[in-house]
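> based on what follows, work out the 3D shape:
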Amino acid sequence: QVQLVESGGGLVQAGDSLRLSCAASGRTFRWSSMGWFRQAPGKEREFVGFISSSGNTLYADSVKGRFTISRDNAKNMGYLQMNSLKPEDTAVYYCAATAGGLCCTEADYESWGVGTRVTVSP
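Model prediction:
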């Protein structure tokens with residue numbers, strides 16, 4: 001399994017940008033797909049986006065055009081670049097990894113980080 005640690009969360013204002021990082025340990029990371037999820041207060045965790053081992057990406061409609069997922073396999077790192085942040089983006093953000101090719105539900109992932117909190121003020 002891959003171990004994951006997120007970082008980069010914080011308090012920002014609406015319209016600002018923030019980049020989250022996901023540090024992975026384990027030699028299988030480069031062959032793993034990686035997803036980002038978020039959980040807002042009082043809501044269920046939801047899919048944000050996904051990047052395959054080959055670099056193909058997929059995003060939730062709510063973040064498409066504002067968020068960008070990337071990865072650096074040489075550094076065992078994944079990234080979530082968030083631009084034009086809105087108050088409704090406030091949540092705890094999680095990165096997840098899977099050896100499989102499916103992307104978009106929690107059950108598709110074997111490994112999870114503990115999350116990093118993002119708060120967007122109006």
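> excluding its backbone neighbours, what's nearest the spatially most central residue of the chain?
Nearest residue to the geometric centre of the chain (CA atoms, centre = their mean): residue 36, 2.6 Å. Nearest non-adjacent residue to residue 36, counting by CB to CB, 6 or more residues apart in numbering: residue 48, 4.2 Å away. (Each C-beta comes from the backbone N, C-alpha and C, glycine too.)
> partner strands of the helix or strand harbouring that neighbour and their direction?
In the assignment (DSSP states H and E), residue 48 maps to strand 46-51. Sheet pairing of strand 46-51 (DSSP bridges) gives strand 33-39 (antiparallel), strand 57-59 (antiparallel).
> deepest-packed of those strands, please.
strand 33-39 (a mean of 24; mean count of other CB atoms under 10 Å).
> coming back round to it: so what's the residue nearest to the centre of the chain bridging to?
With DSSP bridges as the rule, residue 36 is bridged to residue 49, residue 95.
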